[in-house]
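Undergrad: Below is the sequence, then the predicted model.
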Amino acid sequence: MPSKVRIALDAMGGDVGAPVVIPGAAISLGRHRETEFLLVGDRARIEPELDRYPQLKAASKIIHTDVAVSSADKPSQALRRGRKTSSMWLAIDAVKKGEADVAVSAGNTGALMAMSRFNLRTLPGIDRPAITGIWPTKRGESVVLDLGASIGGDAHHLVSLAVMGAAMASVLFNKKRPTVGLLNIGAEEIKGHEEIREASEILRARNLPELDYIGFVEGDGIGKGAADVIVTEGFSGNIALKAAEGTARQMAELLRNEMQRSWMSKLGYLFARSAFQALRDRMDPNKSNGGVFLGLKGLVVKSHGGTTAEGFAYAIDVGYEMAHYDLLNKINQMLNGEGGALNSVQSAQEAVS
């Protein structure tokens, strides 16, 4: 494990930019003192914020650029206009050059994925990277992927996601064979698109030693923690994520309104305040912020664009943990090393064809 973790931050990314990124970095530094930061963006915007945090300033270096990727830019536009010059590109490039261990950005998701894939490339055996998140559940936490990196995917793509997710879960959760489920509209084997059914057949036929495939999982199974890893293609994964976040905010607002309806409700709240606070903390989307771009030859973490400083700090924490425990090399070894899981995928497809 590296003694220092070097994190490149896209200080121009997100709805607010430096006024959220810099305080978020200061919060994360308070939790991980052995962190060094590369702050990539407009020096004139970064320095006034950085002056408010002396300890962060001492642990940071500014890489100046006044070029930022817009939230409205299409991935192709971002690559044309921001390649080699934008704060997003330069943060990713720092990882490629070995100047940083991980890049974190709250910028345009499509642009970040396009730039990351173009600059870092994918691991051997991986066709398309995935956005991978840690999802709070009734059992604890689950790895869920893909949360929106790409739309659709054949059986090979879904099987690759299952293997990558299992590799990540085995390291994060310290499980030799994490359980894996495919998100579907029902638990019955006859349900779902052909690609999902074929992926299920491959995973059952191969019985990979790196994971324990349990079959299909319905939407409500994500929150229940039905499996350590939930696999889906990016379209449905992103809808599931946004629906869960919206429900959490709705429940918090409804609860707050009900607690203010009468003096009896307010009195009850006083007695149960600690329980309500614990529930609020568990449902806070900011505390689940930070999606890892899994499948690349480098570590990139995507933060929500509209997050708070506290939320951005959690995204930085995710990047810190990934780099500190050298997960990229461990995952690559599990996927592509001697006897690695992805080496068996092609033979598994042949077994069910």
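TA: Sure, I can see it.
Undergrad: In the protein, which residue is most central in space?
TA: G291 (1.3 Å; CA atoms, centre = their mean).
Undergrad: My guess is it contacts G133. True?
TA: Yes. Using CB atoms under 8 Å, G291 is in contact with G133, at 4.8 Å. C-beta coordinates here come from the backbone N, C-alpha and C atoms, glycine included.
Undergrad: list residues touching both of the two?
TA: Here G291 and G133 have L147 as joint contacts, going by CB atoms under 8 Å, 6 or more residues apart in numbering.
Undergrad: what's the distance between stretch 226-237 and the middle of its chain?
TA: Counting by CA atoms, centre = their mean, to the nearest Å, stretch 226-237 is centred 13 Å from the centre of its parent chain.
Undergrad: can you check stretch 237-251 too?
TA: Distance of stretch 237-251 from the chain centroid (CA atoms, centre = their mean) equals 15 Å.
Undergrad: Show me which residues of that stretch are buried.
TA: Within stretch 237-251, the residues scored as buried using 16 or more other CB atoms under 10 Å are G237, N238, A240, L241, A244, E245, A248.
Undergrad: ok, now how distant is F37 from G311?
TA: Distance, F37 to G311, by CB to CB, to the nearest Å: 17 Å.
Undergrad: sorry, back to before: TSV please, covering the buried residues of stretch 237-251 and showing pLDDT and distance to L203.
TA: Formatted as TSV, the buried residues of stretch 237-251 follow (pLDDT from 0 to 100; distance: CB to CB, whole Å):
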residue	pLDDT	distance to L203
G237	85	18
N238	84	23
A240	85	20
L241	82	23
A244	79	25
E245	74	29
A248	72	31
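Undergrad: which residues in the stretch 1-150 of the chain form strands?
TA: With DSSP state E, counting those that start in this stretch as the criterion, the stretch 1-150 of the chain has strands at 5-10, 35-41, 60-64, 102-105, 130-136, 141-145.
Undergrad: Please identify the deepest-packed of those strands.
TA: strand 102-105 (a mean of 30; mean count of other CB atoms under 10 Å).
Undergrad: helices or strands up against that one?
TA: Judged by 3 or more CB pairs under 8 Å, 6 or more residues apart in numbering; DSSP states H and E, the packing partners of strand 102-105 are strand 5-10, helix 87-96, strand 300-302, helix 309-324.
Undergrad: out of those, which comes closest to Q55?
TA: Of all the helices and strands packed on strand 102-105, helix 309-324 sits nearest to Q55, with 14.1 Å by CB to CB.
Undergrad: between the helix or strand just after that closest one and helix 309-324, how many degrees?
TA: Tracing the chain C-terminally past helix 309-324 and defining elements by DSSP states H and E, one meets helix 327-336 next. With axes from the mean of the first three to the mean of the last three CA atoms, to 10 degrees as the basis, helix 327-336 and helix 309-324 are set at 60 degrees to each other.
Undergrad: hang on, the earlier thing: dump the strands of the stretch 1-150 of the chain into JSON lines; add distance to A226 as well.
TA: JSON lines is the format used below for the strands of the stretch 1-150 of the chain (distance: least, CB to CB, whole Å):
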{"stretch": "strand 5-10", "distance to A226": "33"}
{"stretch": "strand 35-41", "distance to A226": "35"}
{"stretch": "strand 60-64", "distance to A226": "42"}
{"stretch": "strand 102-105", "distance to A226": "30"}
{"stretch": "strand 130-136", "distance to A226": "11"}
{"stretch": "strand 141-145", "distance to A226": "8"}
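Undergrad: possible to save those strands as CSV with distance to A91 and mean pLDDT?
TA: Shown next, in CSV, are the strands of the stretch 1-150 of the chain (distance: least, CB to CB, whole Å; pLDDT from 0 to 100):
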stretch, distance to A91, mean pLDDT
strand 5-10, 4, 97
strand 35-41, 5, 97
strand 60-64, 8, 97
strand 102-105, 4, 97
strand 130-136, 17, 88
strand 141-145, 22, 91
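Undergrad: so which of the buried residues of stretch 237-251 comes closest to K175?
TA: Nearest to K175 among those, counting by CB to CB, is G237 at 21.7 Å.
Undergrad: Phi, psi for that closest one please.
TA: G237 has phi and psi values of phi -60, psi -40 when expressed as degrees, to the nearest 10.
Undergrad: Contact partners for the closest residue to L112 other than its chain neighbours?
TA: The shortest distance from L112 to any non-neighbouring residue, by CB to CB, 6 or more residues apart in numbering, is to S105 (5.4 Å). Counting by CB under 8 Å, 6+ apart, S105 touches L9, D10, G13, G14, M88, A91, L112, V300, V301, K302, S303.
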